[in-house]
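Trainee: No sequence on hand, only this structure:
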């Protein structure tokens with residue numbers, strides 16, 4: 001289960017709306033436990049995609065930025081977060097290719113955002129062959 005801290009929910013919503021209609025991408029940080037991950041922070045990263053309305057390419061420097069923030073705050077990098085403008089918060093084929101490269105250690109939060117400001121956040125993890133949905137709760 002992935003639990004979103006109350007303050008980070010507001011941050012994620014504002015970040016997703018500000019990037020619309022482009023896909024936003026970043027990392028989420030927090031506290032990992034064996035069956036629970038509590039997300040407490042968002043580290044936005046530049047989207048280097050040539051078609052940012054439909055895909056993302058994570059700026060490699062973002063990995064170092066997220067790791068540095070995690071070390072400074074005593075948290076861990078828990079997952080990758082990105083938005084799907086005007087699309088459901090379900091993994092795309094592009095997401096599956098990225099997940100296969102990243103591996104199983106990080107979960108994925110996908111944020112659906114619309115022009116009307118509607119936000120839907122769903123969590124996923126890569127099991128090596130496909131995405132499996134995780135429960136997301138708000139604290």
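Mentor: Right, received. Where do you want to start? Bear in mind the structure is a predicted one, so any value in this text is a computation, not a measurement.
Trainee: give the contact list for the most centrally placed residue in the chain.
Mentor: Nearest to the mean C-alpha position of the chain, counting by C-alpha atoms, centre = their mean, stands residue 81 at 0.9 Å. Residues near residue 81 by C-beta atoms under 8 Å, 6 or more residues apart in numbering: 12, 25-28, 42, 108-111. The C-beta positions use only the backbone N, C-alpha and C, and glycine is treated the same way.
Trainee: host element of it?
Mentor: strand 76-85 (DSSP states H and E).
Trainee: May I ask which helix or strand of the protein has the lowest mean pLDDT?
Mentor: Using mean pLDDT, DSSP states H and E, helix 93-102 stands out as the lowest-scoring helix or strand of the chain, at a mean of 87.
Trainee: From residue 136, how far out is the spatially most distant residue from the centre of the chain?
Mentor: The outermost residue of the chain relative to its centre, with distances by C-alpha atoms, centre = their mean, is residue 116 at 20.9 Å. Taking C-beta to C-beta, to the nearest Å as the criterion, residue 116 is separated from residue 136 by 21 Å.
Trainee: what about stretch 45-57, average pLDDT?
Mentor: For stretch 45-57, mean pLDDT is 95.
Trainee: got the contact list for that stretch?
Mentor: Applying C-beta under 8 Å, 6+ apart, the external contacts of stretch 45-57 come out as 19, 21-27, 58-59, 61-62, 65-66, 82, 85, 92, 94.
Trainee: Which of these fall in strands?
Mentor: By the criterion of DSSP state E, membership of the contacts of stretch 45-57 in strands covers 25-27, 82, 85.
Trainee: which of those sit farthest apart?
Mentor: Spatially, the most separated pair among those is 27 and 85, at 19.4 Å (C-beta to C-beta).
Trainee: between these two, who's got more neighbours?
Mentor: More crowded of residue 27 and residue 85, by other C-beta atoms under 10 Å: residue 27, with 24 against 19.
Trainee: residues contacting the more buried one?
Mentor: So residue 27 contacts 42-43, 45, 62-63, 66, 77-81 (C-beta under 8 Å, 6+ apart).
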